[in-house]
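1. quick one: sequence plus predicted model below, questions after.
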Amino acid sequence: VQLQASGGGLVQSGGSLRLSCAASGLTLDGYAIGWFRQAPGKEREGVACISSSEISIYYKDPVKGRFTISKDNAKNTFYLQMNSLKPEDTAVYYCGTGLQCWMMDYWGQGTLVTVSS
């Protein structure tokens, strides 16, 4: 199983980025998918997740109203649309998948997002 994250980069405060995570070796349909991030000197934290049934979508408080997680089963890919970015969103963003939200079994390699003030 491989997850390939992409879409990170340098953006000014208030800008937008869309992260992608393409899966191979596993069909995402029926799995929970999520995005996490790890800022320098901090622990990895959850950002957003779609449950395996796709009935529930969860966002952590710091990103509510600004980030949107979505999934395209036909492309076996999921996304994180990030709007109104803030310097505190600067981190390496990781995608993951598993049977339950926030408990990922497989991880992507991470993509760096840097938000300048």
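-> Nice, thanks for sending it over.
2. who does the most centrally placed residue in the chain form a beta bridge with?
-> With distances taken as C-alpha atoms, centre = their mean, the residue of the chain nearest its centroid is residue 35 (2.6 Å). For residue 35, the beta-bridge partners are residue 48, residue 95 (DSSP bridges).
3. quickly note the distance from it to residue 117.
-> Distance, residue 35 to residue 117, by C-beta to C-beta, to the nearest Å: 23 Å. Bear in mind the C-beta positions are built from the backbone N, C-alpha and C, glycine included.
4. where are the low-confidence patches of this protein?
-> For the chain, not a single residue meets the criterion pLDDT under 70.
5. thinking again about what came up before, wait, what's in contact with the residue nearest to the centre of the chain?
-> Residues near residue 35 by C-beta atoms under 8 Å, 6 or more residues apart in numbering: 19, 21, 46-49, 67, 69, 80, 93-96.
6. check residue 111 too.
-> 5, 6, 7, 8, 19, 92, 93.
7. any of those residues buried? List them.
-> Those of those that meet the buried threshold are 5, 7, 8, 19, 92, 93, by 16 or more other C-beta atoms under 10 Å.
8. ok, so of the residues you listed, who is nearest residue 109?
-> residue 5 (6.1 Å; C-beta to C-beta).
9. within the helices and strands, which one has the closest one?
-> strand 2-6 (DSSP states H and E).
10. can you name every helix or strand that that strand contacts?
-> strand 17-24, strand 91-98 (3 or more C-beta pairs under 8 Å, 6 or more residues apart in numbering; DSSP states H and E).
11. 6 Å instead?
-> strand 17-24 (3 or more C-beta pairs under 6 Å, 6 or more residues apart in numbering; DSSP states H and E).
12. using PDB, write down the CA coordinates of the strand it packs on.
-> Output of strand 17-24 as PDB, limited to C-alpha atoms (Å, rounded to 0.1, in the frame of the first residue of the first chain):
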ATOM      1  CA  LEU A  17      -3.600  25.300  -1.300                       C
ATOM      2  CA  ARG A  18      -5.100  22.000  -2.200                       C
ATOM      3  CA  LEU A  19      -3.300  18.800  -1.100                       C
ATOM      4  CA  SER A  20      -3.900  15.500  -2.800                       C
ATOM      5  CA  CYS A  21      -3.300  12.000  -1.600                       C
ATOM      6  CA  ALA A  22      -3.300   9.200  -4.200                       C
ATOM      7  CA  ALA A  23      -3.600   5.600  -3.000                       C
ATOM      8  CA  SER A  24      -2.300   2.500  -4.700                       C
END
